[in-house]
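> have a look at this prediction, sequence included:
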Amino acid sequence: MNTLKKILLAGAAAFAAAFLIAWSTPYWYVPRLEAEVDFADRELIARGRYLAHAGDCAACHTAPGGKPFAGGLGMQTPLGTIYSTNITPDKDSGIGHYSYADFERAVRRGLRPDGVHLYPAMPYPSYVIVEDEDIQALYAYFMSEVAAVSKANQPSTIPWPLNMRWPLGWWQLAYARPRSFEPDPEHDASVRRGAYLVEGLAHCGACHTPRGIGFQETALRDDASGRFLSGSVLEGWYAKNLRGEDRGLSTWSADEIVNFLKTGRTARSAAFGSMADVIAHSTRHLHDGDLRAIADYLKQLPPRKGREARWTPREDTTTAALRAGDYAARGALQYVEHCALCHRLDGRGAPRIFPALADNSIVFAEDPSSLIQVTLAGGSMPRTPHDRMAFTMPGFAHLADRELADLLTFIRNGWGNHASGVSVRDIHQMRREIAHKPTHYAPEAQQ
Amino acid sequence: MKTLPSVLIAAGALLGLSMLAWSQSGAPADPAAGTPQSFALLDPDNQVVGRYSIPPDSDILRHANAEEILYGKRLLNETARLLPDNVGGGLNCNSCHLSQGKTDHGANYFNTINSYPKVMPRAAAMVDMAGRVNGCFMRSMNGKPLPVDSAEMRAIIAYFTWLREDVPKALRVDTPSEGKIDTSLVPDPVRGKALYAAQCATCHGDDGEGMKDQFGDYIFPPLWGDESFNIGAGMARTYKAAAFVFYNMPMGVNHKLPIGQGGALTQQEAVDVAEYFTHMPRPDFAPKGNDWPKGNKPKDARY
């Protein structure tokens, strides 16, 4: 009886301590950094606009069909949907009442002015390294140039008690500690600038770095583990390995990377899914120098052991077979029926119109999730001023699981590609994932 | 670490709830999976008497003459390469009969085999299946007719026969092979030219020359010039071309199956752009004097 009481008491005390520590982090762990920001400085504001593009704030804070930065984009978590918030300078529903210190703490530390911890769906673990002057430019831009929109934030659908936010204080202590950018002295200026952007504002790792057990990115910069940008699946999209590895970006030149980030396509590939959004909202607005810096940085990411860059295509026997009317390979008949009109018998598509499937690193990537999703749901290239037209692939969800599995296994191993097969189970799971995508909250879209 | 228990409890609860979320979604995620596109079947009085589903090509393998049907499919897809003696330009049959003749408003072959022989106004005479195929060979393909009893003609007809499935001759699949267009719209080729540059030239070329692959076969067919269809083709007529373009071009621009086609232009724009490209230089059709012997020549005929 006595021991039980003791255990209960100890448990309650531990719980109270855990709660108090987490709840109070905003007060002792993260100092407030005040600064004077000049809202009349046009140059500062213009730089802020550029940095808002680099940080892709619109991708999350603008819902499809909604007003710019008014929030309402739904994001799926295993527990429910959370919504991005209104970051227009509206005094009541937006961030109009934020001081610079409030803004800085929200963007870099994940803390609301009332001390509430933000979900890491807001990529503050990456933004933490953004330098003061850049945060000031962002603040100047949001407070003076973004149009104020009155729109209340949408609560998450996560049920009580899981929607309590104080445990996020512990999450932040574990995974989002204050730190600053540490340039590698061995890098030249371009690679250093690339590292600053990729690790920071551009938060490429939010999608491209594998997540750990606490949903944290397992590396926030290129360290000895080699996990940074080594590929991860988010909302059913495989944001693939970007390292100089076998199935990473080893088959890409720096020029191709620049071209891809600027125009959404190269002669053999086209961005789709969440990457198409990144290009449409963010990278296509970046200066050539910054894109070159990102490409230079990515191209020097070393391979992990055993994954050295040695992927080479096998001999292409597919083109000759299909042109000779030999459809015996599994999936070949379906390929000719449904896909060959655009991607062609030789798997080369049409440059900048229909991506190639031959020699295309997303087709032979380790994880086929992105291929499955784009084939089921279709996709559109981002529209950029570079090309007169942007193209769309329709979804093929009406095909049977077996047909789709055969088709995708066929393209992953056709024309000299070689990669693991795709199973009926993989297709089935992706259908479920797509059926459960969150809906967005943009009441102004209905008006 | 005193905090460990609470973290563990939270993590456990998280896990439990997420498993629940997943298990609730056990039902088939996509009711449309595995169902091909289908259309109503009409009897001669336009009463719906059933449905027609587009058969997948894998269904060909069930048939005793599978090899012949597949040969027909290839000939229709890759006509210029496989039948160079009969094709005058660079087109394939399926350059117009989109996606193997399985596209609802894209000159599909659903009702083809059941429609012949029939009286065609252009010839003012009975035309049989082989005769109709050869009509396209001589005009749309600017080429020469196939011998009526050749293996190639039989294979092409075998493909049409297979695609009909088992629909009896008296019934009709309720989707036009050619969509409706308002023929009272007045074409403006100047607007058409600008539209062509914005919406078509990326694929069909700035000079209508199309785009070729590494083997010299067309990825995107030419819309005018020596390699295109001749003036005797239905596609050379403004409103026939406009109907095709309105429902099918540009393609690869939306989620409509099978090839993301149409929906980008208004009918007026389709008429404008059709007037522009149909009237660009293209091969003549020598026996044109024999057409419409009994009059009733349509207003957009080219001669």
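Nice, I can see it.
> residues of the stretch 51-200 of chain A that sit close to chain B?
If contacts are counted using CB under 8 Å from any CB of the partner chain, the residues of the stretch 51-200 of chain A sitting beside chain B are A:78-79, A:159, A:161-162, A:167, A:170. (C-beta placed from N, C-alpha, C; glycine too.)
> of the residues you listed, buried ones?
The neighbour count (16 or more other CB atoms under 10 Å in any protein chain shown) marks A:79, A:162, A:167, A:170 as buried among those.
> now intersect those residues with the helices, please.
Members of those lying in helices (criterion: DSSP state H): A:167, A:170.
> nearest to residue A:118, of the buried ones among the residues of the stretch 51-200 of chain A next to chain B?
Residue A:118 has its nearest neighbour among these in residue A:167, at 12.9 Å by CB to CB.
> could you report the separation of the closest one from residue A:209?
Noted for residue A:167: a distance of 23 Å to residue A:209, by CB to CB, to the nearest Å.
> tell me who's in contact with residue 143.
Using chain A. By CB atoms under 8 Å, 6 or more residues apart in numbering or on different chains, the residues touching residue A:143 are A:37, A:39, A:89, A:96, A:98.
> sorry, should have said chain B
Taking CB under 8 Å, 6+ apart as the criterion, residue B:143 is in contact with B:83, B:86-89, B:137.
> biggest separation within these, which pair?
B:83 and B:89 (12.1 Å).
> okay, the two: which has more neighbours?
The neighbour comparison of residue B:83 against residue B:89 (other CB atoms under 10 Å in any protein chain shown) goes to residue B:89, with 22 against 19.
> secondary structure class for residue B:135?
helix (DSSP: H, G, I helix; E, B strand; the rest coil).
> what's the burial count for it?
The burial count assigned to residue B:135 is 19, neighbours taken as other CB under 10 Å.
> what of residue B:147?
Taking other CB under 10 Å as the neighbour definition, residue B:147 ends up with a count of 12.
> out of the buried ones among the residues of the stretch 51-200 of chain A next to chain B, which two sit at the greatest distance?
A:79 and A:170 (16.6 Å).
> for chain B, what's its nearest residue on the stretch 251-400 of chain A.
Across the stretch 251-400 of chain A, no residue is closer to chain B than residue A:400, which sits at 3.6 Å (CB to the nearest CB).
> what's the pLDDT at the closest residue to that residue other than its chain neighbours?
Nearest non-adjacent residue to residue A:400, counting by CB to CB, 6 or more residues apart in numbering or on different chains: residue B:34, 3.6 Å away. At residue B:34, the pLDDT value in this model is 70.
> quick one: mean pLDDT for the host helix or strand of residue A:19?
Using DSSP states H and E, the secondary-structure element containing residue A:19 is helix A:2-28. Averaged across helix A:2-28, the pLDDT comes to 92.
> then stretch A:75-87?
Averaged across stretch A:75-87, pLDDT comes to 91.
> how is chain A partitioned into domains?
Segmentation of chain A into domains, based on automatic domain parsing, reads A:31-151, A:189-299, A:318-435.
> how far is the longest one from where the chain is centred?
I take that to be domain A:31-151. Chain-centre distance of domain A:31-151: 17 Å, with CA atoms, centre = their mean, to the nearest Å.
> between the two ends of that domain, how far is it?
From its first residue to its last, domain A:31-151 covers 30 Å (CA to CA, to the nearest Å).
> and of the residues of the stretch 51-200 of chain A next to chain B, the nearest to chain B?
Minimum separation from chain B among those (CB to the nearest CB) is found for residue A:78, which lies at 3.5 Å.
> what's around residue A:145, how many residues?
By the other CB under 10 Å criterion, the neighbourhood of residue A:145 contains 15 residues.
> okay, now the unreliable bits of the chain?
Because you didn't say which chain, this covers chain A. A:1, A:444-447 (pLDDT under 70).
> was after chain B, sorry
Per-residue confidence for chain B (pLDDT under 70) gives these ranges: B:1-32.
> please repeat the previous calculation with a cut-off of 80.
For chain B, applying pLDDT under 80 flags the ranges B:1-35.
> all helices for it, in order.
Secondary structure of chain B, counting by DSSP H: helices at B:4-23, B:66-77, B:79-82, B:98-101, B:112-115, B:129-138, B:151-163, B:189-199, B:201-204, B:238-248, B:267-278.
> for these, which one sits closest to residue B:145?
helix B:129-138 (3.8 Å).
> only C-alpha atoms, please: export that closest one in CSV.
Below are the C-alpha coordinates for helix B:129-138, written out as CSV (Å, rounded to 0.1, in the frame of the first residue of the first chain):
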residue,chain,number,x,y,z
MET,B,129,-14.7,-1.8,-94.7
ALA,B,130,-11.6,-2.2,-96.8
GLY,B,131,-12.7,0.6,-99.0
ARG,B,132,-13.0,2.9,-96.1
VAL,B,133,-9.6,2.0,-94.7
ASN,B,134,-8.1,2.6,-98.2
GLY,B,135,-9.9,6.0,-98.2
CYS,B,136,-7.8,7.0,-95.3
PHE,B,137,-4.7,5.5,-96.9
MET,B,138,-5.1,7.6,-100.0
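> tell me what angle it forms with helix B:151-163.
If you take axes from the mean of the first three to the mean of the last three CA atoms, to 10 degrees, helix B:129-138 sits at 110 degrees to helix B:151-163.
> point out the other helices and strands that helix B:129-138 packs with.
Applying 3 or more CB pairs under 8 Å, 6 or more residues apart in numbering or on different chains; DSSP states H and E, we find helix B:129-138 packed against helix B:112-115, helix B:151-163.
> surely residue A:293 meets residue A:188?
No - taking contact to mean CB atoms under 8 Å, the distance of 9.8 Å between residue A:293 and residue A:188 leaves them out of contact.
> quick one, which of those two is more surrounded?
Looking at residue A:293 and residue A:188 with other CB under 10 Å, you find the greater number of neighbours at residue A:293, namely 24 against 11.
> pretty sure that one is in a helix, no?
Yes - counting by three-state DSSP, residue A:293 is found in a helix.
> tell me the contacts of it?
With contacts taken as CB under 8 Å, 6+ apart, residue A:293 has the following neighbours: A:190-191, A:193-194, A:197.
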